[in-house]
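*Asks:* Sequence unavailable; structure follows:
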């Protein structure tokens, strides 16, 4: 990857000599706790020294809205839609490639912060490992917000009742427990599960309404992530689940900021959907795809199980590799780990999984061929 | 305030000897910048050393929802509603009372982070001044989410089109520019305005749909903030605008964690709405109320102007002081500052305003009388 300075002044290049994340290094799994309340949060053992931190927005379009569309409090006015909220931290001395963390369906950037049982999440861990790290809320939820105009118009009967999109929320028993492979049946965990099951009720609190689940055909997140990577002058895009394919879509829109792609249990790799030209473009970007354990388990949802999604990614890998690409598709079981759920960033061995990813990133020092 | 240790191990007591915020100390105002994009963000001059940081949730109730209510993707399931997202940072060596920052209408906790023109916000500044600082997203928006069931039910025609609440969003010209007293007319600024007008388009991006604007009669945020203050074993609740009266409501529910209250341009102080018993209870908690400049300006919205809101707070102060209370009601103009808008935490002299607040907190070392 480029050795030009980041905005903060440190060289972005990954130097293998300082790669701190080593394959298979032992991270002690935390014992179970009652739940993630304030008193369960476990502060780190050493201070976090930040050169910079804060938040900003990427993109956004100004649109005019009627009084009704704005909820009827004031007059017609202008608002901004399709902006993406970005929260970031840069450790003092950080000298590695920036990483952008993108969450999955009905969740927010919170996915990558403190785990439901109060342990350190990937956000802080990546920062501590020298990567300037950027956590987004997908456009359509969280601090990125959404355009509520259509809901207000339907309420005022200016539009049909079914004009608004369905608002998706994944429930605890099936949306999360069985679908995320915590266990085969709600409230029954796989014997070796790494999900912090005692904190499942805390995980439920991370759920938010997902306003873009119904509009994936032209998802504004793709463009925003491409723009963020470009503004960062090069970044690794790391996606999860619903956002799994976003980095691919972003790269097809504008590949120039995307140094590498990491897809954590992508909902789809879209093996059959990409044109040959798109595959050729994607073949220039090193890509890591990671899946957990129990892939063939019944999700109990009317959707493909995770084995089917893995198989789709295997087909994707074949196409990209055939075009000269560099796709590493792996399962955590391959690395000798057992019991990982769909929520790899929250599992009790989450930092060990992070080490695998950080190590892979360190080996792709050259990054994308643009 | 109590001298018992905070969770992080540092004494919580405010020691006047180490009060770093002095009335009237000069903070150089930043010059105008084009807008808050990534490249406008101004990293701090010295590293931020954190003993702890992360996020968690307060409260929340498990409820059962039908397949339709969850957006129709999976089966009926259970979700959590009314949980409050909390983001926090504690500086190494922090030894002052925790502060909870609560944002206003159609905004999120982002209000207190990096300003629209890229300067340091109150969140980081309070942390750097030794206060463990907790920033929430109000229940009903941002990372706290909201219960979308009623929207999905209306969409499916299980409920009437007008069963869902109106979803409030404040627009740029009237909701923000005139109402927040940036200027007398949209895009025309007061000559001495301290709002970073060049970044108004960036401020617009902070807007999100406000799902609880219509349900203030039983606002779950009140209870959550009282619970947060109690879990922190004592905290100052700092509110703004729509959330202005929340700390009062929280204190009426459970005063025991609330050491002091700071209300920044509260939408109302509810002078005439409190019972004598409630006023007696509130009189035990030191309270600071701060308003900016141009209070009599026409907001151009069908709502009381800010002078009327100030007057209401003056009546509130009279009642509480008569009950033996300690309410400090001030305007920034009184402190010799000119041109402050409604968004005091974003104005170009935002850290100077913060110093006024931090100084007041330091003088209320004894805190609430519980």
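*Replies:* Nice, I can see it. This is a predicted model, so every value here is computed, not measured. Residues are numbered from 1 along each chain as shown, chains lettered A, B, ... in the order given.
*Asks:* Backbone dihedrals for whatever residue of the stretch 1-150 of chain A ends up closest to chain B, both of them.
*Replies:* Closest contact between the stretch 1-150 of chain A and chain B, by C-beta to the nearest C-beta, is at residue A:77 (2.2 Å). (Glycine included, C-beta is placed from N, CA and C.) Residue A:77 adopts backbone torsions of phi -160, psi 180, taken as degrees, to the nearest 10.
*Asks:* Tell me, how many residues neighbour the residue lying closest to it once chain neighbours are set aside?
*Replies:* Counting by C-beta to C-beta, 6 or more residues apart in numbering or on different chains, residue A:77 lies nearest to residue B:171, which is 2.2 Å off, once chain neighbours are set aside. Residues lying near residue B:171 (other C-beta atoms under 10 Å in any protein chain shown) number 27.
*Asks:* Please apply the same query to the one 4 residues further on.
*Replies:* Burial of residue B:175, expressed as a neighbour count using other C-beta under 10 Å, amounts to 27.
*Asks:* Now do it, the pLDDT please.
*Replies:* Looking at residue B:175, its pLDDT stands at 96.
*Asks:* Spell out the secondary structure type for it.
*Replies:* Secondary structure, DSSP: H, G, I helix; E, B strand; the rest coil: residue B:175 is helix.
*Asks:* for it, what are its contacts?
*Replies:* A:70, A:73, A:74, A:77, B:106, B:169, B:301 (C-beta atoms under 8 Å, 6 or more residues apart in numbering or on different chains).
*Asks:* which of those residues lies closest to residue B:352?
*Replies:* residue B:106 (26.3 Å; C-beta to C-beta).
*Asks:* what about residue A:88, is that helix, strand or coil?
*Replies:* Secondary structure for residue A:88, judged by three-state DSSP, is strand.
*Asks:* pretty sure it contacts residue A:131?
*Replies:* No: the pair residue A:88 and residue A:131 fails to qualify as a contact (C-beta atoms under 8 Å) at a distance of 10.7 Å.
*Asks:* Which one of the residues in the stretch 251-370 of chain A is closest to chain B?
*Replies:* Going by C-beta to the nearest C-beta, chain B is nearest to residue A:301 of the stretch 251-370 of chain A, at 4.7 Å.
*Asks:* so what's that residue closest to, chain neighbours aside?
*Replies:* That would be residue B:74: by C-beta to C-beta, 6+ apart, it lies 4.7 Å from residue A:301.
*Asks:* which residues touch whichever residue of the stretch 101-250 of chain A sits closest to chain B?
*Replies:* As assessed by C-beta to the nearest C-beta, chain B sits closest to residue A:171 within the stretch 101-250 of chain A, at 2.2 Å. Contacts of residue A:171 were listed using C-beta under 8 Å, 6+ apart, and they are B:65, B:70, B:74, B:75, B:76, B:77, B:78, B:79.
*Asks:* go again using 7 Å as the cut-off
*Replies:* Residue A:171 makes contact with B:65, B:70, B:74, B:77, B:78, B:79 under the criterion C-beta atoms under 7 Å, 6 or more residues apart in numbering or on different chains.
*Asks:* Take those and lay them out in CSV including pLDDT, neighbour count and secondary structure.
*Replies:* What follows is the contacts of residue A:171, written out as CSV (pLDDT from 0 to 100; neighbours: other C-beta atoms under 10 Å in any protein chain shown; DSSP: H, G, I helix; E, B strand; the rest coil):
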residue, pLDDT, neighbour count, secondary structure
B:65, 98, 20, strand
B:70, 97, 28, coil
B:74, 92, 22, coil
B:77, 98, 24, strand
B:78, 98, 19, strand
B:79, 98, 27, strand
